[in-house]
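*Asks:* what follows is a protein structure lacking sequence information:
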């Protein structure tokens, strides 16, 4: 614990407010967490998961003080002290709104004195159940409805003014109050007066659920009289009269009735029926019979407290005992229309439902199932019987067994009838019930009598609709197919023209290359040869006259020889066909070897695939692309290695040629092009595109270059190749 500095007895904090003023702060003000100072007396101290809390009360109201352990606490004279029950304190802290009512988180506490706790204050039930007595010391009278043990405490559920609250009593105190038997369950049906500090139980929205009174002292628990007697010794009341007028009735005490079990939810609920009257019985915690298994047909006697919260009176917190076993109950045969008509009677003379209203009774009827839908607790079945709609509720297991029933089936139902009513809009009585609910006990309460006929109007309309849809779809599909066929035909014709043009261009190119080669051989090559011969003759005629002339003649002869060699290579390259009658792989290797001749570079050539019979204009174009790519690599890249790979994919219908080198590389997109007199890359790209493919160039400075060409194979290429003009 942290302790503050000493203060004078007369010193006080600022922002002094009453507890009622803090409790009345609007939500917006509480969210700002204002600092306040409060004065009051400590009524109780409780340990929570967040530390110790105190219930503080003054003349105006009560409030909860949190963070007692972390706050600095001292007496008025300055000595350190821990607040205790009965101390009067002055506390400074911040207001928080995290619970039902505002809470003050203490920052500093001054214990100003100590005095006995005030006598418990009799409270008005309306304020008590509205939560206005939170954290105050009050006294409440009522009748114990049920008792059950907790962790070193007993919980007593007490009825007052027709409503329930919980009293928490220490284990030893509860046993001593119960007398020689020391069983607090013996307090059930006892009239008592209890006092204690109120702790409001709230839900996740901060709304009050019920008040809880902690009875910490023996003088806070009083027995006001004698119970109505042993549980099952009171006069029995027929099920149809448990909520009716009786002069001898003792309001608030247990009533006793009996009936045949028509449905039982273990440890929770019994549905009893006596003739045309049914009653719902809630079993109390720790009550007699809570652990007993009741079978359908058992004759049972119950004693419990009247619950008038619904339209029809029921019994809650009851004890039950079996009188004798019986045969399974027989359901009352009544249609939903009959049941709802019986419940339209108004509460007045000569308006009672005779022989009964069927509410809470086991009934059976037949109808057409309209639909089923799952719910969190199981599922709902909607049934129509003679124009009246009813719903049947099933638990998860039962709904799983019956949910597959086809809508339109004629079914027979058995279950517990419950009537949902709307309040009357006029004076006297109740309005017409809006619907009938049936609780199915298990899958045996649902039986399919007759499956629906297949040819229903709905299905006939559905079939006609499907037929019309299919016909319309066929027409649309036919029109779409016709358009697609026309478009594909145009595309195929265009592609065939393109490949035909490629074949013709290939043949024309070869003829032109051969013509140029012949012209060069017959003119330029012979001319250069003649010049060389003349140079040799001049050198021979000159003899040894002039060493300088001999040197110039030698240089000229070497230049002419080099030009002749280069021209001979060009003539050979232009005249030779890419395949030249060889298999594709052999022609590829010969081509690469010829192009790389005279270059100190490592070469690899791989052919992957069957290749088979390739049209010459396709294979020739691939070889010309490879020749150009290798030539560019050797001329511009200065590589140490060049890898050539040509692969055939008959399944995919493609030919792929890849030429990769480890040369100096370049920045793609910034290389010299046709405007600078370099047509290599453009020529390769045009060849691949004419064959329905594409060219990809990947390179970076000092990172080598990869040229990849992919062209498409077509079944009609053989015809195009054979029909192309033969070369000269």
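*Replies:* Arrived safely, thanks for sending. On a predicted model such as this, the values are computed, not experimentally measured, just so you know. Numbers count the residues shown, from 1 in each chain.

*Asks:* quick one, what contacts the closest residue to residue 689 other than its chain neighbours?
*Replies:* Nearest residue to residue 689 in three dimensions, chain neighbours excluded: residue 695, at 7.7 Å (CB to CB, 6 or more residues apart in numbering). The way it works is simple: take the backbone N, C-alpha and C, and place the C-beta from them, glycine included. By CB atoms under 8 Å, 6 or more residues apart in numbering, residue 695 lies in contact with 625, 681, 684-685, 688-689, 707-709.

*Asks:* give me the buried subset of those residues.
*Replies:* 625, 681, 684-685, 688, 707-709 (16 or more other CB atoms under 10 Å).

*Asks:* helices or strands up against the longest helix along the chain?
*Replies:* When the chain is parsed with DSSP state H, its longest helix is helix 457-519. Secondary-structure packing of helix 457-519 (3 or more CB pairs under 8 Å, 6 or more residues apart in numbering; DSSP states H and E): helix 547-575, helix 616-632, helix 680-690, helix 717-723.

*Asks:* mind checking how far it is from the chain centre?
*Replies:* 46 Å (CA atoms, centre = their mean, to the nearest Å).

*Asks:* what's the angle from that helix to helix 680-690?
*Replies:* Helix 457-519 runs at 130 degrees relative to helix 680-690, counting by axes from the mean of the first three to the mean of the last three CA atoms, to 10 degrees.

*Asks:* sketch out the low-pLDDT regions of the stretch 601-728 of the chain for me.
*Replies:* Along the stretch 601-728 of the chain, segments meeting pLDDT under 70 span 677, 719-728.

*Asks:* turn the buried ones among the contacts of residue 695 into JSON lines, columns for distance to residue 619.
*Replies:* Converted to JSON lines, those look like this (distance: CB to CB, whole Å):
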{"residue": "625", "distance to residue 619": "11"}
{"residue": "681", "distance to residue 619": "21"}
{"residue": "684", "distance to residue 619": "15"}
{"residue": "685", "distance to residue 619": "19"}
{"residue": "688", "distance to residue 619": "14"}
{"residue": "707", "distance to residue 619": "18"}
{"residue": "708", "distance to residue 619": "17"}
{"residue": "709", "distance to residue 619": "13"}
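
*Asks:* farthest pair within the residues you listed?
*Replies:* 681 and 708 (12.3 Å; CB to CB).

*Asks:* quick one, helices of the protein?
*Replies:* In the chain, the segments counted as helices under DSSP H are 19-23, 27-31, 125-130, 171-177, 336-342, 396-402, 457-519, 526-542, 547-575, 584-595, 616-632, 680-690, 717-723.

*Asks:* out of these, flag the one nearest residue 299.
*Replies:* For the helices of the chain, the distance to residue 299 is smallest for helix 336-342, at 24.9 Å, taking CB to CB.

*Asks:* got a list of contacts for that closest one?
*Replies:* Against helix 336-342 from outside (CB under 8 Å, 6+ apart): 353, 356-358, 363, 365, 367, 385-390, 417, 419, 432-433, 436.

*Asks:* which ones are touching residue 464?
*Replies:* By CB under 8 Å, 6+ apart, residue 464 has no neighbours at all.

*Asks:* separation between it and residue 472?
*Replies:* 12 Å (CB to CB, to the nearest Å).

*Asks:* repeat that for residue 667.
*Replies:* With CB to CB as the criterion, residue 667 and residue 472 are 58 Å apart.

*Asks:* what does the domain assignment say about the protein?
*Replies:* For the chain, the structural domains run 19-114, 136-223, 239-324, 332-450, 453-575, 582-723, going by automatic domain parsing.

*Asks:* in terms of mean pLDDT, which of these ranks lowest?
*Replies:* Looking at these, the lowest mean pLDDT belongs to domain 453-575 (a mean of 72).

*Asks:* please name the nearest non-neighbouring residue to residue 198.
*Replies:* residue 133 is the one closest to residue 198 (CB to CB, 6+ apart), at 4.7 Å.

*Asks:* hmm, that neighbour is touching residue 43, no?
*Replies:* No. Residue 133 lies out of contact with residue 43 (CB atoms under 8 Å); the separation is 11.8 Å.

*Asks:* and stretch 383-399, how far out from the chain's middle?
*Replies:* That offset, for stretch 383-399, works out to 31 Å (CA atoms, centre = their mean).

*Asks:* other residues contacting that stretch?
*Replies:* Looking at stretch 383-399 with CB under 8 Å, 6+ apart, the contacting residues turn out to be 335-337, 340, 365-370, 372, 374-375, 377-382, 402, 411, 413, 415, 435-443, 445-446.

*Asks:* residue 258: neighbouring residues, count only.
*Replies:* Residue 258 has 20 neighbouring residues, counting by other CB atoms under 10 Å.

*Asks:* hey, what's it bridged with?
*Replies:* residue 301 (DSSP bridges).

*Asks:* so it touches residue 270, yeah?
*Replies:* No. Residue 258 lies out of contact with residue 270 (CB under 8 Å); the separation is 11.2 Å.

*Asks:* need the residues touching each of those two.
*Replies:* Counting by CB under 8 Å, 6+ apart, the residues touching both residue 258 and residue 270 are 300, 302.

*Asks:* would you state the strands of the stretch 301-450 of the chain in chain order?
*Replies:* Secondary structure of the stretch 301-450 of the chain (DSSP state E, counting those that start in this stretch): strands at 314-324, 332-333, 362-374, 378-385, 388-395, 410-420, 435-439, 446-450.

*Asks:* quick one: buried residues of the first one?
*Replies:* Which is strand 314-324. Here strand 314-324 shows 314-320, 322 as buried, counting by 16+ other CB under 10 Å.

*Asks:* any idea how far residue 628 is from the residue nearest to residue 689?
*Replies:* In terms of CB to CB, residue 695 sits 11 Å off from residue 628.

*Asks:* check residue 663 too.
*Replies:* From residue 663 to residue 628 the distance is 15 Å (CB to CB).

*Asks:* on that earlier part again, tell me how far the residue nearest to residue 198 lies from residue 193.
*Replies:* Distance from residue 133 to residue 193, by CB to CB: 15 Å.

*Asks:* those two - which one has more neighbours?
*Replies:* When residue 133 and residue 193 are compared for neighbours, residue 133 comes out ahead with 22 against 17, by other CB under 10 Å.

*Asks:* next one: phi and psi at the more buried one?
*Replies:* Backbone torsions of residue 133, given as degrees, to the nearest 10, read phi -100, psi 20.

*Asks:* going through the contacts of stretch 383-399, which ones are buried?
*Replies:* 335-336, 340, 365-369, 372, 378-382, 402, 411, 413, 415, 436, 438-441, 445-446.

*Asks:* can you redo the domains of the chain as TSV with distance to residue 122?
*Replies:* Output for the domains of the chain, formatted as TSV (distance: least, CB to CB, whole Å):
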stretch	distance to residue 122
domain 19-114	15
domain 136-223	5
domain 239-324	18
domain 332-450	34
domain 453-575	68
domain 582-723	94
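
*Asks:* just the strands in the stretch 1-150 of the chain please.
*Replies:* Under DSSP E, counting those that start in this stretch, the stretch 1-150 of the chain gives strands at 35-48, 51-57, 62-66, 72-75, 87-96, 103-114, 121-122, 137-149.

*Asks:* who wins for proximity to residue 481 among the ones you listed?
*Replies:* Of the strands of the stretch 1-150 of the chain, nearest to residue 481 by CB to CB is strand 87-96, at 72.8 Å.
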